[in-house]
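Asker: give me a model of this one.
(2 chains)
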Amino acid sequence: MSSEFHPRNEEEARRVEEMKREHLLLDHRPRAEMNDMVMEAVEDTSREWKFAVIVLGLLTAVTLFGAWGYMMLKGLGLAGIRRPVFWGLFIVAFVFWIGISHAGTFVSAILRVFKAEFRRPFTRAAELMTTFGLAAAGLYPLIHLGRTWRFYWMMPYPNQRWLWPNWRSPLLWDFFAINTYLIGSTLYLYMPLIPDLAMARDRSTGWRKKVYGLLALGWRGTEQEWKHLQKGIQIFAWAIMPVMFSVHTIVSWDFAVSMKLGWHSTIFGPYFIIGALLSGIAAVSVVLFTVRATTKNMRYFIRPEHFDALGKLLLIISLSWAYFFFNEFILEWYGGEHTIKEILKFYMFGDIAPVWWTMVTCNFFIPGLLLWNRKFRRTPWLMFLLGIVVNIGMFAERYVIVTGALSRNRFPFDWGWYEPRLVEVSIVFGTFMLFFFLYTLAARFLPLIPVWEVEEGQHSHTWRRIGRAILPAVSDLESLD
Amino acid sequence: MAGGNGHEEHTKWVMVIDLDRCNGCGACVTACAMENNVAFVGEDENAYGRGMHWLRLQRYWEGEGDDLRVRYIPTMCQQCSNAPCEPVCPVYATLHSEAEEINLQVYNRCIGTRYCANNCPYIARTFNWFDYEWPEPLNFQLNPDVTVRRRGIMEKCTFCIQRIRRAEEDAKAEGREVYDGEVQPACAQACPTEAIVFGNWRDPNSRVRQLAASERAFKLEEALGTEPKVIYLAGGRHEF
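Answerer: This next block holds a predicted model:
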């Protein structure tokens, strides 16, 4: 451990200090101190926070549930959709939120399995995004129904109509994929939370103690409990990955299995997954910046190194997105089908062109050019802005795919165009408010930093002297058996 | 296959539309709307793209100047044998009828996902965006044989299934088969040039069968494999 490491001279001491400043996992602090830091952050229910919760709650109630209720009462016609564009902003936002929800699983499952150490302090912040992103996404299949009050007819249950749902319909696959993912990712959020909830239980009073105590399931931290927990997390980390991939693949199949030109594309599965990761990882940097700026003691846990690592990931994913996009676009064009050419022409030069060019610029050109720069990646507020830009680009991508393809059909008589109206804009805005509302609430209730994971990482990081150089070394504490 | 209508062999209803005879008068559109209680959405909504017509006249201009020609294709649900709208519905609101071999739309099952409409290559389906009212005196002409639809559900051409059933029941009561030409959908009945002919494909002597033997016969987007049951006879130029 680094505390046992004694620098031989001033030069070495300076080097060690430098590395400590840089890397959270080399910058040891006693467990008790980290516990207190996290608890202080959690219990910091300041006036600003209360104000934010009330405002966000009201906005959610009015712009989401108010507008939705009004639309249910009057009819779906309040939205701008019309023949032939039968799907609009609701489906766009649905795919967008499903995409956001991919980040959490990616960070905490894939990075965990690949033992990317930088993930440690923000796995939970990302996992919360998954859960709340799914909460927002899960509303849309209900919102966009013509008769929302009959949504339960999609569920298989014995009924007086003697009807089973249609298993050939991708919407039914959606229904099950999303529910599986929601349950799986919530459990996966919960499991690593148990030791931290126990920590919170032991350090709080009043109602918090009661709730934390209930949620901690009587965790005592015995050897046996840790063993079971580690094993459970390992199993879940592997099991949740195919679920994550399947969810966005199935969402892409809503489009890809159809006969609609512009949708019927074999690459949509992986293309949607990479798009989901692009918007998801970008959203992680937005959330991390916000958490760091608004929550106490977070500057210790979340450092430029984490934005740096996210930036590198984002660069790779942005390039991968461009690769898939290129494949999708060029091969469709090369096929030479007349209607497809009309669709592509519509994308690039038609009414939807500003959205299409926004997509290309924000998803590829901006991140692809800027993220090579180390200084850029290490500047949190720049990464925050970039995260927003990339998410605008990804929203635009879904907008182009959903509404653009529907606008150009096989018969020119059936060409059309769609512009959103106030009610649907309000509902989409409302789900953003819902997401922020839930996140803001959770940020002062759940320990946002998985303290035990950080501690585990700090234990496994040691110093090694090789010749004159001092290097950090990582030993493997997590067993994969 | 023993069908629900008691026939040994099902009837297979098809429609033949002679584009040479169509002059684009729009009587079929009106007749269809009156027969099937198609909602009156008003001028503005119709212009916005929310017209509920089950049958539309696709209009295309060809040529320029003195050679300018206008061509019409009356288009409704093509009653595909292999219909793309059917597998995508999660609640079986759109499905195939075994007895009539046409696509049904069960209004009461529909929850309004509109997926069927997106997957229809002919954009033949319409959606009830609102609850519509029929302004006087249109409200007096609602057809009691057809359900009035409410907001939030899909609908489309049914080949006037209420007329098919009526003819079949009459024939059954009189102990005979339905004769050729007995069933006429509203559009066919209203067409002044008799461009639209309706009948049973399984009757080798039916008019539809004879008309469809024309070398002008084609189906819309036949290559998609949807196997439509509406057969068009090409109009305009006759060289192939």
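
Asker: where in the stretch 351-481 of chain A is pLDDT low?
Answerer: Applying pLDDT under 70 to the stretch 351-481 of chain A flags the ranges A:476-481.

Asker: strands of that one, residue ranges please.
Answerer: A:461-466, A:469-474 (DSSP state E, counting those that start in this stretch).

Asker: winner for burial among these?
Answerer: Compared across these, strand A:461-466 shows the largest average neighbour count, a mean of 14 (mean count of other CB atoms under 10 Å in any protein chain shown). Quick note: C-beta positions are derived from backbone N, CA and C, even for glycine.

Asker: how far is that one from where the chain is centred?
Answerer: Distance of strand A:461-466 from the chain centroid (CA atoms, centre = their mean, to the nearest Å) equals 35 Å.

Asker: with stretch A:80-92 instead?
Answerer: Counting by CA atoms, centre = their mean, stretch A:80-92 comes out at 25 Å from the chain centroid.

Asker: start and end of that stretch, how far apart?
Answerer: Criterion CA to CA, to the nearest Å; first-to-last residue distance in stretch A:80-92 is 13 Å.

Asker: got the contact list for residue 180?
Answerer: Answering for chain A, as no chain was given. The neighbours of residue A:180, taking CB atoms under 8 Å, 6 or more residues apart in numbering or on different chains as the test, are A:243, A:247.

Asker: was after chain B, sorry
Answerer: Going by CB under 8 Å, 6+ apart, residue B:180 touches B:199-200, B:203, B:205-207.

Asker: repeat for residue A:72
Answerer: Counting by CB under 8 Å, 6+ apart, residue A:72 has contacts A:148-149.

Asker: ok, longest helix in the chain?
Answerer: Unless you meant another one, I'm taking chain A. In chain A, taking DSSP state H as the definition, the longest helix is helix A:223-256.

Asker: my bad, the chain I had in mind was chain B
Answerer: Criterion DSSP H: the longest helix present in chain B is helix B:161-173.

Asker: and for residue A:235, the neighbour number?
Answerer: The local packing of residue A:235 (other CB atoms under 10 Å in any protein chain shown) involves 11 other residues.

Asker: most surrounded residue in the contacts of residue B:180?
Answerer: Neighbour counts for the contacts of residue B:180, by other CB under 10 Å, peak at residue B:199, which reaches 28 neighbours.

Asker: is it true that residue A:409 touches residue A:415?
Answerer: Yes - with contacts counted by CB atoms under 8 Å, residue A:409 reaches residue A:415, the gap being 6.3 Å.

Asker: tell me the mean pLDDT over stretch A:25-44?
Answerer: Averaging pLDDT along stretch A:25-44 yields 87.

Asker: count the neighbours of the residue of chain B found nearest chain A for me.
Answerer: At 1.9 Å from chain A, residue B:112 is the closest residue in chain B, using CB to the nearest CB. Per other CB under 10 Å, the neighbour tally for residue B:112 reads 25.

Asker: ok, and the closest non-adjacent residue to it?
Answerer: The spatial neighbour of residue B:112 that comes closest, neighbours along the chain excluded (CB to CB, 6 or more residues apart in numbering or on different chains), is residue A:146 at 1.9 Å.

Asker: next: residue B:35.
Answerer: residue B:186 (3.5 Å).

Asker: residues in contact with the residue nearest to residue A:443 when sequence neighbours are not counted?
Answerer: Nearest non-adjacent residue to residue A:443, counting by CB to CB, 6+ apart: residue A:295, 6.3 Å away. Contacts for residue A:295 were tallied using CB under 8 Å, 6+ apart; they are A:41, A:44, A:443, A:448.

Asker: mind running it again at 10 Å?
Answerer: Contact analysis of residue A:295 by CB atoms under 10 Å, 6 or more residues apart in numbering or on different chains lists A:38, A:40-42, A:44, A:49, A:125, A:301-302, A:443-444, A:448-449.

Asker: again with residue A:424
Answerer: By CB under 10 Å, 6+ apart, the contact set of residue A:424 is A:67-68, A:71, A:76, A:78-81, A:88-90, A:92-93, A:143-144.

Asker: and these, which is closest to chain B?
Answerer: residue A:76 (5.7 Å).

Asker: contacts only, for that closest one.
Answerer: A:86, A:88, A:90, A:143-148, A:423-424, B:112, B:114, B:127-130, B:151-152.

Asker: cool, residue A:365 as well?
Answerer: So residue A:365 contacts A:318, A:322, A:357, A:393 (CB under 10 Å, 6+ apart).

Asker: which strand or helix spans the first one?
Answerer: Take DSSP states H and E as the rule and residue A:318 turns out to sit in helix A:304-335.

Asker: what angle sits between the helix or strand following that helix and helix A:304-335?
Answerer: Later in the chain than helix A:304-335, the nearest helix or strand by DSSP H and E is helix A:338-349. Angle, helix A:338-349 to helix A:304-335, by axes from the mean of the first three to the mean of the last three CA atoms, to 10 degrees: 140 degrees.
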